[in-house]
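**Q** My questions are about this predicted structure, shown below with the sequence.
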Amino acid sequence: MYTLRWNDRTNMSMLTDFYELTMSKGYLEHGMADTIAWFDLFFRSIPEDGGYAIMAGVEQMIDYLKTLQFTEENLDYLASTGKFDDRFLDYLRHFTFACDIWAIPEGTPIFPNEPIVKVRGPLIQAQMIETMLLVTINHQSLIATKTSRIVRAAQGRPVFEFGARRAQGYDAAVLGSRAAYIAGVSGTSCTISGEHFGVPLVGTMAHSWVQAFESEYDAFSAYARSFPDSTVLLVDTYNVLKSGIPNAIQTAKNVLEPMGHRLKGIRIDSGDLTYLTVKARDMLDRAGLTDCRITVSNALDEYLIRDLIAQGAAIDTFGVGERLITSRNEPVFGGVYKLAAIEQDGKIQPRMKFSENAGKITNPSSKEVWRFYDLATGKAIADLITLADETIDDQQPYELFDPLHTWKRKLVTGFRARRLLEPIFIQGKLVYQRVSIEASRQYCAREVDLLWDSLKRFENPQEYYVDLSQKLWDIKDALLHANKQLI
């Protein structure tokens, strides 16, 4: 496990929407500071109308919550806004994080409307952490989800993340690279991500290296002498087939092979990638370089990769940059953070957001998320949201029903039920056994493999069912009927 964490050097406590602080001051003034509240972090739709999303960002959430405190510099700034009195500032001065947090592990496929992070704690604290939790989970889950699509499109060929220079800022580059590795890329060009998170590093050369020498052959030869064990040559600076490939072959024969090394690969970053890779493969093979791998880059995404493979392109690995690190087709992961319950006299009082839009009506109370796996195939068949104190006996049949179309019911038998939410903090103390990025990556690959292929289609994937237990539905239905005048 890496020892240096990206957030270690920065106090992130002030990365919060201003209204979190103004509401918190109001809670304190109205005697609600210590009221116990339950919040859910969930999302409403999967990016690009996909079949599933990937959970990521839990490690950075932990780092943030472990160091949550307000410095005198923070307090001086808040005082300067004129919004906060000494009583509230003193509360922040002595702030000690005391919430309970549960989260679905990184790398888990996740689905709309199920709580992927659950928070219980003093209302001020649970409110105050909203923005940082959302930005952390939203961003990395977005990039992990996009990456999973791209990696699937490559059909087992390695994909490398090349997006740092196109990312929207430093954190987006570093943490995006981390999320991409969990979701399946084989390495990154982002050096700091290798330093902090242990993501394998990859890199070749830029066109400027080739242009800096008197000739392309001189550039290739110099690089081969500097890196004989890992020579990968960029062959499209001038002309791939007339210049780049012939000079790469000559470098292999005249420089590397006399040194006892082989040319590891070539990279093509422009042009008709199907045509060029097929011709390059033929030229390399006729020169005896059958083990030389061909990497392509140039604004790739899952759709272009899928088409290149379908067209018979001779590609061994893909370098994917801007369209991965920015999730270009849909650059927002719509996670939200909503109040689900208030505790009064030790009893949970459900709370629910109402809306004329049925998709925005929230699920009340403290909840658990279960995944049902078919015993015969091992595949995930449905998720079930229950009240937190419910248990599922997977030795008995269980009736699932659609929460929007309640007449749609199915009796499930022969299944294994697994709780998805794991405790992270209890009363502010970290109880989660942190895992390495490699473990999260391997776990992600296993869990995605347990999804039906119909969920993995890029267009019109099968809908995965996320249902409510009868007890949870009864509470929601009662609140809807009691407040029907609000809808």
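**A** Everything's here; your move.
**Q** switch to C-alpha atoms for all contacts and neighbour counts from now on
**A** Will do.
**Q** in the chain, which strand has the most residues?
**A** strand 335-344 (DSSP state E).
**Q** And the average pLDDT for it is what?
**A** Mean pLDDT, strand 335-344: 97.
**Q** What pairs with the helix or strand just after it, parallel or antiparallel?
**A** Counting by DSSP states H and E, the element after strand 335-344 in chain order, helix or strand, is strand 347-350. Sheet pairing for strand 347-350, assigned by DSSP bridges, gives strand 335-344 (antiparallel).
**Q** which of the residues in the partner strand are buried?
**A** Within strand 335-344, the residues that count as buried by 16 or more other Cα atoms under 10 Å are G335, V336, Y337, K338, L339, A340, A341, I342, E343.
**Q** out of these, what pair is the most spread apart?
**A** G335 and E343 (24.3 Å; Cα to Cα).
**Q** any low-confidence regions in the chain?
**A** 1-10, 485-487 (pLDDT under 70).
**Q** Just give me the residue right at the centre of it.
**A** S141 (2.5 Å; Cα atoms, centre = their mean).
**Q** which residues touch that one?
**A** A53, I54, M55, A56, G57, A179, F333 (Cα atoms under 8 Å, 6 or more residues apart in numbering).
**Q** Emit the PyMOL select command for whichever of these are buried.
**A** Of these, the buried ones go into a single PyMOL selection, burial set by 16+ other Cα under 10 Å:
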select buried, resi 53+54+55+56+57+179+333
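**Q** Take the contacts of S141 and keep only those in helices.
**A** Among the contacts of S141, DSSP state H puts A179 in helices.
**Q** Show me how the record splits this protein into domains.
**A** Structural domains annotated on the chain: 18-143+331-486, 206-293, as defined by automatic domain parsing.
**Q** how about these, which one is nearest F318?
**A** Of all the domains of the chain, domain 206-293 comes closest under Cα to Cα, at 9.2 Å.
**Q** distance of the residue nearest to the centre of the chain from L289?
**A** 40 Å (Cα to Cα, to the nearest Å).
**Q** Could you do I116 as well?
**A** In terms of Cα to Cα, I116 sits 49 Å off from L289.
**Q** Have a look at the two and say which one is more surrounded.
**A** I116 (25 against 19; other Cα atoms under 10 Å).
**Q** Contact partners for that one?
**A** I116 neighbours (Cα under 8 Å, 6+ apart): D40, L41, F42, M55, A103, I104, I110, L421.
**Q** in stretch 203-210, what counts as buried?
**A** G203, V210.
**Q** Endpoints of that stretch, how far apart?
**A** Chord length of stretch 203-210, first to last residue, is 15 Å (Cα to Cα).
**Q** Likewise for stretch 244-255?
**A** For stretch 244-255, the end-to-end distance is 16 Å (Cα to Cα).
**Q** Show me which positions of it end up buried.
**A** So stretch 244-255, judged by 16+ other Cα under 10 Å, has buried residues G244, I245, P246, N247, A248, I249, T251, A252, K253, V255.
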